[in-house]
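In: Sharing a model that was predicted from the sequence below.
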Amino acid sequence: MLKFLIRRVLTGALVLWIISMLVFALFFAVPNNVARQMAGHNATPTTIKLINQRLGLDQPLWEQYGKFIWNALHGDLGEDYYYQLPVTHVIAEALPITLSVVVGASIIWLLLGVSSGVLSAVRPRSFIDRLVTVLALFFYSVPSFVLGLTLLFVFYYKLTIAGFAIFPAGGYKPLSDGLNQWFFHMILPWITLAMISAATYTRLTRGSMLEVLGEDYIKTARAKGISERRVIYRHGLRSALTPVVTQFGIDVATLIGGAVITETVFSLPGVGYQSIKAIRNQDLPLILGVVLVASVAVVVANILVDLLYAVLDPRVRLS
Amino acid sequence: MTVHNVEPTDSVAEPDEPTPVAGEPIEGRGPWALAWRRLRKDKVALVSLAVIVLILLAAVCAPLFAHVTGHPPNTQYRQSGLDESGLPVAPNSEFWLGTDDLGRDILVRIAYGARVSLGIGLIATILTVTLGVVIGLAAGYFGGWVDTVLARLIDVVLSMPFLLVAISLVSILGPSMLIAVLVIAFFSWASVARIVRGQVLSIKEREFIEGARSLGASNTRIMFVDILPNVLAPVIIYASLLIPVVILTQAALSFLGLGIQPPTPDWGGMISNAQGVYQVAWWYLAFPSLALVITTVAFNLLGDGVRDAVDPRIDRLLAK
């Protein structure tokens, strides 16, 4: 167990190190015109040289990278080009917003996806199964920006016009402004993200449930006279959930790096929104910081998922 | 970027071998012929295929749309295409699906946009699969340090926050169709490679591979002639389900302003522009969205059909 953990953490660190090098090389080796962009069109070569000097862009690439990694290991991701704020500070500001979106949405999609998947698998080819399958396929195929904009059109625009100004056009209100405010700003982004992800979980749960319910031990459980409910939920669902857990861990981790599109559609200044802004400004330290933090989330989630596996399925030995 | 829905559904059920009629010779059928037979019986898959062919036709015949309506895709009709306050006009006899914020014909632009979506969807998928198959074959077949390096590389690519890195790359390299294809393929091959690698690991231990080797077959021959056909089934299933994912990714890039550059018509870009005026011009949001959703639904349904036809495991699952 301990050996397993140490090995996974080490390979995780290796993966992160390679990612940092790749991203650094990709972004910093490409000739960029940050200095020119910052200084404006009429800047003299001296100004540009000074800016490059101040940002450290005049040093050799490996030296820049060494400095970056050394500081990153000390929890310092540098400062962004435009506001000279520490990157960690910008990310820390944006993270609660992204977490608000992701945690809320993930609860909805997990409940919705797993329950509809089970409902579907318990009676294959019934009306409910077909309905669920069609809906899941539809939401799986809809781009999140189309769903988000449609929700805005109906629930913000049409409702407001009709005299029910319930949902805002977007933006974020922190919890300190009151639960109500926060909730109504969050609900449309939640639905957008949740409906699209739930579709994946419905399909995953249904497929995995069908497979498990065909196993011999389920027959045995039924033959022992255990109630159908208990067979399905205690014996079936538990092992059917293993692939769902993997997917969930990775999905949530990926979204920490920003529910980029949902945040853009609803103007939520979360991590994804900030990174789009950084990308438009070619603000390399901020991009690099966000990518690294997002990759850490994925790597950590992968390790957690493997640990959870062993808890859910006693046959799995960690080695 | 990965495809999630590779679990079986139940579109295929009945056994497909007809009872042999006396006197007729019984033909042997390969697995691909059998798969094609099953797919031909799957009505949903066939309808989806028909829809895809129609969209493909629209893309190829896009100039025909421009000819019939008399509206080239990038021409702005400031008189007839915009109302007196400069807003888009609703669908009418001149502009069948209305106009956009610059007074351009939405119908014609949707037809031209199909070229981008289908073009990138198909080309990026082919590139992804080729890359994934070659790397997966190499990793699984050679083993040893080759496998260690390639497997680690697969891990790295799969741990990268795809959309973030993709959009930063596109913004740095400059948005274009080629860059979009390359970036999508670069982030998608790893899943294919992982599937192929797993399959190769088990197949390369089988006797017929040993047989081929003892006959003096080269590594390349064993990899591509003996092993490849045996790993093709999961690859084809994955590829058919990857196409709609790629189309969605491309649309997302365009939506964020990092895909095809204006004025080239493209569905994601149209929807992004519609954000500003959807309150007064629902058609600008509705029709490009509809085109995109119909395309991805059709590809997903066809993909499901292909999966059931190539891998009819579900018969066993439902035979209780």
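Out: Noted; the coordinates are in hand.
In: which residues in chain B form helices?
Out: All helices of chain B, identified by DSSP state H, fall at B:31-41, B:43-60, B:62-69, B:106-142, B:144-159, B:162-173, B:177-203, B:207-214, B:219-221, B:228-255, B:267-274, B:282-310, B:314-318.
In: Format these as TSV; extra columns: mean neighbour count, distance to chain A and mean pLDDT.
Out: (Glycine included, C-beta is placed from N, CA and C.) Shown next, in TSV, are the helices of chain B (neighbours: other CB atoms under 10 Å in any protein chain shown; distance: least, CB to the nearest CB, whole Å; pLDDT from 0 to 100):
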stretch	mean neighbour count	distance to chain A	mean pLDDT
helix B:31-41	15	17	83
helix B:43-60	16	10	92
helix B:62-69	16	22	86
helix B:106-142	22	11	92
helix B:144-159	16	5	87
helix B:162-173	22	5	78
helix B:177-203	21	11	88
helix B:207-214	12	29	89
helix B:219-221	12	28	89
helix B:228-255	22	5	89
helix B:267-274	26	6	90
helix B:282-310	23	4	90
helix B:314-318	16	5	48
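In: Which one, of those helices, ends up nearest to residue A:46?
Out: Residue A:46 lies closest to helix B:162-173 among the helices of chain B, at 26.1 Å (CB to CB).
In: For the helices of chain B, give me CSV that also has distance to residue A:144.
Out: Shown next, in CSV, are those (distance: least, CB to CB, whole Å):
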stretch, distance to residue A:144
helix B:31-41, 31
helix B:43-60, 22
helix B:62-69, 27
helix B:106-142, 17
helix B:144-159, 21
helix B:162-173, 11
helix B:177-203, 17
helix B:207-214, 45
helix B:219-221, 43
helix B:228-255, 8
helix B:267-274, 11
helix B:282-310, 12
helix B:314-318, 30
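In: so who does the spatially most central residue of chain B touch?
Out: For chain B, residue B:243 is the residue whose C-alpha lies nearest the centre (CA atoms, centre = their mean; 1.0 Å). Listed by CB atoms under 8 Å, 6 or more residues apart in numbering or on different chains, the contact set of residue B:243 reads B:121, B:122, B:125, B:299, B:303.
In: give the contact list for the fourth one.
Out: Meaning residue B:299. Residue B:299 neighbours (CB under 8 Å, 6+ apart): A:141, B:48, B:52, B:121, B:240, B:243, B:244, B:247.
In: Return the member of these nearest to residue B:181.
Out: So of the contacts of residue B:299, ranked by how close each gets to residue B:181 (CB to CB), first place is residue B:121, at 9.7 Å.
In: contacting residues around the residue lying closest to that closest one once chain neighbours are set aside?
Out: The shortest distance from residue B:121 to any non-neighbouring residue, by CB to CB, 6 or more residues apart in numbering or on different chains, is to residue B:247 (4.1 Å). Residues near residue B:247 by CB under 8 Å, 6+ apart: B:117, B:118, B:120, B:121, B:292, B:295, B:296, B:299.
In: One more pass at 7 Å, please.
Out: B:117, B:121, B:295, B:296, B:299 (CB atoms under 7 Å, 6 or more residues apart in numbering or on different chains).
In: What of residue B:278?
Out: A:149, A:153, B:284, B:285.
In: what would those look like in CSV with distance to residue B:201?
Out: Output for the contacts of residue B:278, formatted as CSV (distance: CB to CB, whole Å):
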residue, distance to residue B:201
A:149, 45
A:153, 50
B:284, 51
B:285, 48
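In: Please identify which of the residues you listed is nearest to residue A:56.
Out: Nearest member of the contacts of residue B:278 to residue A:56, counting by CB to CB, is residue A:149, at 41.4 Å.
In: So that closest one versus chain B, what's the distance?
Out: 6 Å (CB to the nearest CB, to the nearest Å).
In: quick one, what contacts whichever residue of the stretch 101-250 of chain B sits closest to chain A?
Out: Going by CB to the nearest CB, chain A is nearest to residue B:161 of the stretch 101-250 of chain B, at 3.7 Å. Going by CB under 7 Å, 6+ apart, residue B:161 touches A:254, A:257, A:291, A:294, A:295, A:298.
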